[in-house]
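S.K.: Below is the sequence, then the predicted model.
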Amino acid sequence: MSHFPSSTETTSEAPAATSLSPAADPDRLLPADPGTRAIARELLARVEDLPIISPHGHVDAAMLELDTPFPDPATLLVSPDHYVTRLIHASGVPLENLRVGGTSAVEPRETWREFAKAWPLFDGTASGYWMRDSFEHVFGLSREVNAENADALFDELDAKLKSPAFRPRQLFKDFNIEVLATTDDPLDDLAAHAAIAKDPSFTGRVLPTFRPDAYIKFAAAGWAERVEKLISVAGDGLTGYAGYIRALENRRQYFVEHGAVSADHGVRTARTLRLDTTTAEALFEKARRGEATAVDADVFEAHMTYQMARMSVADGLVMTIHPGVFRNHHTESFNKFGADTGHDIPFAVSYTEALRPMLEDFGTAPGFHFIPFTIDETAFSREIAPLAGFYPSVFIGAPWWFLDAPDAMLRFRGAVTETAGFSRSSGFIDDTRAFCSIPARHNTSRRIEAAFLARLVAESRVGEARAHQIIVDIVDAAPRRAFKL
Amino acid sequence: MSHFPSSTETTSEAPAATSLSPAADPDRLLPADPGTRAIARELLARVEDLPIISPHGHVDAAMLELDTPFPDPATLLVSPDHYVTRLIHASGVPLENLRVGGTSAVEPRETWREFAKAWPLFDGTASGYWMRDSFEHVFGLSREVNAENADALFDELDAKLKSPAFRPRQLFKDFNIEVLATTDDPLDDLAAHAAIAKDPSFTGRVLPTFRPDAYIKFAAAGWAERVEKLISVAGDGLTGYAGYIRALENRRQYFVEHGAVSADHGVRTARTLRLDTTTAEALFEKARRGEATAVDADVFEAHMTYQMARMSVADGLVMTIHPGVFRNHHTESFNKFGADTGHDIPFAVSYTEALRPMLEDFGTAPGFHFIPFTIDETAFSREIAPLAGFYPSVFIGAPWWFLDAPDAMLRFRGAVTETAGFSRSSGFIDDTRAFCSIPARHNTSRRIEAAFLARLVAESRVGEARAHQIIVDIVDAAPRRAFKL
Amino acid sequence: MSHFPSSTETTSEAPAATSLSPAADPDRLLPADPGTRAIARELLARVEDLPIISPHGHVDAAMLELDTPFPDPATLLVSPDHYVTRLIHASGVPLENLRVGGTSAVEPRETWREFAKAWPLFDGTASGYWMRDSFEHVFGLSREVNAENADALFDELDAKLKSPAFRPRQLFKDFNIEVLATTDDPLDDLAAHAAIAKDPSFTGRVLPTFRPDAYIKFAAAGWAERVEKLISVAGDGLTGYAGYIRALENRRQYFVEHGAVSADHGVRTARTLRLDTTTAEALFEKARRGEATAVDADVFEAHMTYQMARMSVADGLVMTIHPGVFRNHHTESFNKFGADTGHDIPFAVSYTEALRPMLEDFGTAPGFHFIPFTIDETAFSREIAPLAGFYPSVFIGAPWWFLDAPDAMLRFRGAVTETAGFSRSSGFIDDTRAFCSIPARHNTSRRIEAAFLARLVAESRVGEARAHQIIVDIVDAAPRRAFKL
């Protein structure tokens, strides 16, 4: 089963002609100018069928280990996707009606009806584009979603999701995923990853990622208990701050041994600080006593970002940071539905001065890879591209979150390429927990790369033959290089 | 008399062929790529002749009530338009020569000559585009403005402006304005609005807007006296801060009863604060004693923005804010010519943290509509679209001031659509005191919406039939929805 | 010898057909849409052969005075160009291998090989575009650079550089440079400029520029000694702060007498401050005692920016500022290789409030010209265009450094034109020390101006005849006007 026919196939067999969805157009997202589109089409053909490399995301490894069947369409595609639920919420639908955060005030079918009614809201959005693409190419729906056919589509999708062709492992194969990284708690035993690695019937790689935020942010609920446990489990008998640092180093080593290639940090800002041990220790103990202020928390986080860089230099884990998001902006919704429910809102952050203490010490350290992501797109041309254009350790994080969308990705390439070329970027990151959207997201990215490069060729800024090499490098070699795959 | 023929009419009758002005091109502002242009042309045809809905602006209601004839061309089109006078001033012409701020150092004809000489400065600007469009489609000039024909054009325009066809009420009808909101002092008796509402011969709606800035900003000249009067007129006998709050509530109610649908706030920043009454009262009294600092003024303004939101939740007035402008940057010009004379300069403002206290409490309040405008376009993708993509109360303010121009409007759509779609925006706002430019401004906006949507269609991101619905929604339904019209 | 044939010539004689380089395309950088491209081609033809006016850059006047032969290709084109060396460094090559900062760990040929191997890194970058353009049009290379032909190209270029056709004065003539401004130390005797001015065989103008940073920034190495010398040489016998100010005034006068038209300021931020003399004097003496803090240094710099404006009003030197760059971000590289070695990184700066004290006092001063440059492109539409759209003294600095690249220049025009038109910009600035890249840089800029204007014509926003006037004005008249040439 080929869920995702390449544009070439589509053109020659023309099966898309039966679909009225814009997602059936083999030229979707390519530039409208006919000459440029022709160049883009050729570029896309080079990469559309390459395997998917996904070095950062939020899929659950156990799902792939156990090949857990997917739930109903609403529980799979709507409720957990905060890209989707937030916009329906903005239109006036309570999050309860969408079964957000594990709530169950209504039946899944009712949630699906809300989604179907809200479907026009998604026109022009990245989420809408991915969903339509998945409906067409993963689920093979022949009809556009709308309030009238909501029930019929729910049933059609539900039946498909119950079929063997839609089990996670089969989709993993059909999606042509070569590498998929998950995001994991430092104390996770990584048993699912180990089981997958040992299973000869599973051909792709599923790698863990070390994500220690909840052990670093004083304000995270349960921080003190979590840290206590970390030290006792992995601190080699050391106590306090020394045990904490040792335990983090040990758990990173454990992740390395289980195939991890990177550590990810959801820092509030990009600030880094070199504190002496005495000062760091004092802050740490103050927090354990429950006395730390918000300023203390920021200072300690900046110190720990520096420490994490030091550890990355030592153990080789690629370091990624995701700063500049105000998490859980609406407390009432957070209290009712938990985190990741659609009200994490970006704010402006700076990188040049913030990263300096760390880059001064580790910016040219052999083998160190540091990838800053941002959702403040003003930082691309002003700070991130110039930093990556000098420091061998710095790779430009792909457009993230609200920016991993067609126009925003084009703006990204326009902002960084003239300063840093193509060699300094991380490759595409889907960063998603929506497993079924993975091919749509990577395909979107490949189309945009083709669109951008086609313009450079049409404007005689890059030779066409060279552009064919570059697009393969961007799609395939860049993530392998940046993430040491 | 059809001042503003639709593109269809223009095409079929081809009267524009006699004009050499770029404004005569029925395809003006549409994308150059022929395929995309064809799509845009069809989209534009759907909306070009729809009535104008102008929910925020600065036209004087009394002018419409009394049908006051317009003055000479310089006094109508040049002197009061700080978009126009500032650029002539930048070229070295003193504001005196332009009769700015009611000064009369020279005759109007002399000011018109300065304008005609300066006309080439406006190539590529939004003001230039609107003026050329008005010259072509409102005033029917057959010649481009230049220094040589300045006097002749002055006479030609002056004669037209003296004719019945150019009286405000006739133009209001010819412009096809359905709703026009003015901006009014809280103590205004709104007699002009009442007279218009009662007049059966006037078919459009002219609505007041509550704008309390001068009663909130401690630094506004005459603040203490103004507040004194407000309390005594509308404070229900209460005194001090309690009387002040009560009086504002009462005057809002008066506006509601006179048809107002919104309250507008020219805040310095987007900051909001929940002060307890004792603290607010202390600041208020400190200001009445003339002892408040600039910091006090900012804190009190943030508190009052929160209070205004609270009142909007209660009385249903849509709340709009216009932050981030350094008013009266050049003191010498302010002293000589007053406010709104071309030297209000934007600065960077943040929204995510600033609006949080207010959105925490009112962000999901039923019926609350909050529309932040910005002239810091970096906030669109980073903060405003994500906020509007979650909070049902938040609508994305249309591009404002320096940003209500073709390229900036395209950048706006490119920045917000992928995150928030089309349903979360306020609809176009002309925000103008230049009555005769209203059709040009709305027409410009409609062309840009067509251009943006046409690209999405050409790239198979939105289906063409759906795009035809969306453009009608954007142009017509969006402002009605956002402003409760 | 015509190094730089115009597009018209190229088209008619078609010699480019023999080259496979994208740089041989006479339509390079013009928009892909055929209709718009045709308009752009005509616009470009108007200006492609106009003389080069370069009012700000870093070429050495003595090189032109003495007609010093250029060194080998690596020493000329690679080692001193931090745009080039930084990206090779980012790919993992130590700066030693590139002979950066006058080091000589390897032979030039070895550095050239590193460059040739690294050449693909430059695809899509501004540096790569300029170099390819120079290879094609200045050096007449018929082959693309690559690791295999590195030695052969080194020899071919080296032979050319030793020939009389490649001596600085011949190239100056061939490049059709009319005006070239250098950047000079206030105590420079400007002998080279004087010699060139007196030499009847040298037809262009080579003008000095007053650049006092090292005498203003307390933290500049050797500040105290340098200031000491300045006062003793030019202070008219006055001592301390009074002598310092007098000496700066005197040296500016000396520069004026030697043809200078501008003074340039590499300020940390755009901040300006009016300190009273006592306060300024106290800071100055504190710094001479070596006791000044970083805050003191910032305050004094802001004060001196104001003072420099005052002096510009008096002596007529155009004032340019280049703020917002964190210089020497990586201390280890700075210690080993010195300044300007690729790790100056931009950061966000604001202009509206920062420039106000200065603009309040001098913003409308007759004859005062003030040109802020920026590498924070968010400031263009938000602050710089609005400022230049009111103050007769303010001209919008052309895109600078990381922004003087095709896409960034288009974004610049898109950001400023709708607010400030075309009359308020400074004209193109190459700001380069890479003499041989000057024609490529100016040609790039002219192509982008043609591309931008062609779109406005295609969208009927500017008439075609008028666009032909505007492009000549932008390319030729604007720099003459802004820099008083």
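M.R.: Looks like it arrived, so ask away.
S.K.: doesn't A:I371 fall inside a strand?
M.R.: Yes. Counting by DSSP: H, G, I helix; E, B strand; the rest coil, A:I371 is part of a strand.
S.K.: how much space between the residue of the stretch 151-300 of chain A at minimum distance from chain B and B:E360?
M.R.: Nearest residue of the stretch 151-300 of chain A to chain B: A:R268, at 11.5 Å (C-beta to the nearest C-beta). Every C-beta, even on glycine, is put in place using the N, C-alpha and C of the backbone. Distance from A:R268 to B:E360, counting by C-beta to C-beta, to the nearest Å: 19 Å.
S.K.: repeat for A:P34
M.R.: 51 Å.
S.K.: Looking at those two, which is more packed in?
M.R.: B:E360 (16 against 13; other C-beta atoms under 10 Å in any protein chain shown).
S.K.: So that one sits against A:F334, correct?
M.R.: No. In this structure, B:E360 is not within contact of A:F334 by C-beta atoms under 8 Å, at 10.4 Å.
S.K.: which is the next helix or strand following the one helix or strand in chain A whose mean pLDDT sits lowest?
M.R.: Every helix and strand in chain A was compared by mean pLDDT, DSSP states H and E; the lowest is helix A:7-13, with a mean of 39. Next helix or strand after helix A:7-13 toward the C-terminus (DSSP states H and E): helix A:34-47.
S.K.: picking up where we left off before, so the residue of the stretch 151-300 of chain A closest to chain B sits in a strand?
M.R.: No. Counting by three-state DSSP, A:R268 is not found in a strand; it is coil.
S.K.: Let me see the contact set for it.
M.R.: A:R268 is in contact with A:K217, A:D298, A:E301, A:P323, A:G324, counting by C-beta atoms under 8 Å, 6 or more residues apart in numbering or on different chains.
S.K.: Look up how far A:E360 lies from the second one.
M.R.: It refers to A:D298. 20 Å.
S.K.: Tell me, how many residues neighbour A:E178?
M.R.: 17.
S.K.: Just give the nearest non-adjacent residue to it, would you?
M.R.: Residue nearest to A:E178 in three dimensions, not counting chain neighbours: A:P51, with 3.8 Å by C-beta to C-beta, 6 or more residues apart in numbering or on different chains.
S.K.: Let's verify the closest residue to chain C within the stretch 101-250 of chain A: helix, strand, or coil?
M.R.: As assessed by C-beta to the nearest C-beta, chain C sits closest to A:G124 within the stretch 101-250 of chain A, at 21.1 Å. Classification of A:G124 using three-state DSSP returns coil.
S.K.: Got the phi and psi for the nearest residue to it once chain neighbours are set aside?
M.R.: Distance criterion C-beta to C-beta, 6+ apart; nearest residue to A:G124, sequence neighbours excluded, is B:T417 at 4.3 Å. The phi and psi values for B:T417, taken as degrees, to the nearest 10, are phi -60, psi -40.
S.K.: can you map out the helices along the stretch 101-250 of chain A?
M.R.: Taking DSSP state H, counting those that start in this stretch, the helices of the stretch 101-250 of chain A run over residues A:108-118, A:126-137, A:150-162, A:168-174, A:191-198, A:213-216, A:223-234, A:240-257.
S.K.: which outside residues touch the first one?
M.R.: Under the contact criterion C-beta under 8 Å, 6+ apart, helix A:108-118 has outside partners A:71-75, A:77-79, A:84, A:87-88, A:91, A:93, A:97-99, A:145-147, A:149-151, A:153-154.
S.K.: go on, the third one?
M.R.: Judged by C-beta under 8 Å, 6+ apart, the contacts made with helix A:150-162 from elsewhere in the structure are A:69-74, A:76-77, A:109, A:112-113, A:115-117, A:139-141, A:143, A:145, A:166.
S.K.: let's go with 10 Å and repeat that
M.R.: The contact list for helix A:150-162 (C-beta atoms under 10 Å, 6 or more residues apart in numbering or on different chains) reads A:69-77, A:108-117, A:119, A:135, A:138-146, A:149, A:166-167, A:436.
S.K.: dump the residue contacts of A:E285.
M.R.: A:G240, A:Y241, A:E291, A:A292.
S.K.: Isn't the first one up against A:A287?
M.R.: No. Counting by C-beta atoms under 10 Å, A:G240 sits too far from A:A287 to count as a contact (11.6 Å).
S.K.: what about the two, which has more around it?
M.R.: Using other C-beta under 10 Å, the more surrounded residue of A:G240 and A:A287 is A:A287, with 20 against 13.
S.K.: Show me the domain layout of chain A.
M.R.: A:1-67+A:168-177+A:426-485, A:70-166, A:178-403 (automatic domain parsing).
S.K.: Now do the last one: distance to the chain's middle.
M.R.: What it means is domain A:178-403. 14 Å (C-alpha atoms, centre = their mean, to the nearest Å).
S.K.: Many thanks, I have nothing further to ask.
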